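# Need coordinates for the below:
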Amino acid sequence: MLRSLRHLLRLARLRIPARRFTAGIAALSPTASEAFGADASAAEAVAYNRSRVATATAVALYRSGHTLPMPDDHLDDAVHALDFPYSKPSPETRAAIRAALAVLEADFTVTVAH
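Purely as a prediction, here's the structure:
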């Protein structure tokens, strides 16, 4: 699954009316410390970093044609395939990935072109 996910990510392009991503894995947004500086609380930093991982993973899964429901081990594999420095995503991160993927699936204005 990891190889096929990486291959599909290199080939796919996600079209969103307001913004278009090029083929491959989209660059991650800045980390919480880069975005907020010293102004973020620990809870805000955790929530922000979890959201950036979840959103990037959901976009990658959507680009490669994966749909819900997805077992935890598939979500873990996707996070690892994207080279995030985590040994295993938390249950909260998996829930955020599923939520972001559900939004992408539900929005008819989001299409994938190969």
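# Now the nearest residue to residue 32 once chain neighbours are set aside: which helix or strand?
The shortest distance from residue 32 to any residue other than its chain neighbours is 3.8 Å, reached at residue 45 (CB to CB, 6 or more residues apart in numbering). Using the backbone N, CA and C atoms, a C-beta is placed for each residue, glycine as well. Under DSSP states H and E, the secondary-structure element containing residue 45 is helix 42-63.
# distance of residue 41 from residue 53?
From residue 41 across to residue 53, the span is 19 Å (CB to CB, to the nearest Å).
# Is it correct that residue 61 is in contact with residue 105?
No. Shown here, residue 61 and residue 105 do not form a contact pair, counting by CB atoms under 8 Å, at 9.9 Å.
# So these two - more neighbours on which side?
For residue 61 and residue 105, the more surrounded residue by other CB atoms under 10 Å is residue 61, and the numbers stand at 27 against 15.
# Could you report the distance from the more buried one to residue 102?
When distances are taken as CB to CB, residue 61 and residue 102 turn out to be 11 Å apart.
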